[in-house]
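Chemist: no FASTA, just this:
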């Protein structure tokens, strides 16, 4: 019995023009804009791309909108509900970024730091970091007024200060509503 064997030989050659075309395609992405090409508000495509690339912080935060926990379990039938949800998520994202900006600006202006992860001093706190720090804080309403169940720690007070707020503002009380300013003691349930 005889066997027939075939041998294939060849050589791999790079097609430079095809490689370059694929590199160009891989390096491209679509950037849609409503910025006019003419007139007072006009910008060139290069200027728009440059401005877009400078917004890496915003783009990074859009990841939460793509999170499966947020997107997968939502089913909205009406287009107006989808629009409203999108608006609520975007406003939330703006507030999230504003908090981060305000805290970092305060720390830069006062040349100070704030306890970050593992209580290491940081000049760049994130809103997520702050949210984790405040995770166990409870607020109760007694006789129409809001109170923290436990006094805020020094660390949490630093975050409140960095946000440009006070405990009274967090609890929805103006300075004139403060128990201490009126010379009154806290209700017995909170002592």
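Modeler: That came through fine. None of the values given here were measured: they were computed from a predicted structure.
Chemist: What are the boundaries of the helices in this structure?
Modeler: Remark: helices assigned in the chain by DSSP state H are 16-26, 45-53, 56-61, 63-66, 68-71, 79-109, 127-133, 154-162, 167-170.
Chemist: Which positions in the last one come out as buried?
Modeler: Okay, so that is helix 167-170. For helix 167-170, the neighbour count (16 or more other C-beta atoms under 10 Å) marks 168, 170 as buried. Placement of C-beta: from N, CA and C, glycine included.
Chemist: Nearest to residue 35, out of the helices of the chain?
Modeler: The minimum distance between residue 35 and those falls on helix 45-53, with 5.8 Å, by C-beta to C-beta.
Chemist: Quick check: residue 103 touching residue 160?
Modeler: No: using C-beta atoms under 8 Å, residue 103 is not in contact with residue 160, being 10.2 Å away.
Chemist: more neighbours, those two?
Modeler: Neighbour count, other C-beta atoms under 10 Å: between residue 103 and residue 160, residue 103 has more, with 25 against 16.
Chemist: Per-residue pLDDT of that one, please?
Modeler: For residue 103, the pLDDT comes out at 95.
Chemist: okay, now residue 89: neighbour count?
Modeler: Neighbour count for residue 89, taken as other C-beta under 10 Å: 14.
Chemist: now swap in residue 92 and tell me
Modeler: Residue 92 has 13 neighbours, counted by other C-beta under 10 Å.
Chemist: Tell me how far it lies from residue 46.
Modeler: Here the criterion is C-beta to C-beta, to the nearest Å. By it, residue 92 lies 32 Å from residue 46.
Chemist: One more: residue 33?
Modeler: Counting by C-beta to C-beta, the gap from residue 33 to residue 46 is 12 Å.
Chemist: Between these two, which is the more surrounded one?
Modeler: Set side by side, residue 33 and residue 46 show more neighbours around residue 33, with 12 against 8, by other C-beta under 10 Å.
Chemist: which non-adjacent residue is nearest that one?
Modeler: residue 48 (5.5 Å; C-beta to C-beta, 6 or more residues apart in numbering).
Chemist: hang on, isn't the one you found packed against residue 34?
Modeler: No: assessed by C-beta under 8 Å, residue 48 is found out of contact with residue 34, at 10.4 Å.
Chemist: So between the two, which is more surrounded?
Modeler: residue 48 (14 against 5).
Chemist: so who does the more buried one touch?
Modeler: Counting by C-beta atoms under 8 Å, 6 or more residues apart in numbering, residue 48 makes contact with 31, 33, 35.
Chemist: ok, of those residues, which one's closest to residue 8?
Modeler: So of the contacts of residue 48, ranked by how close each gets to residue 8 (C-beta to C-beta), first place is residue 31, at 45.6 Å.
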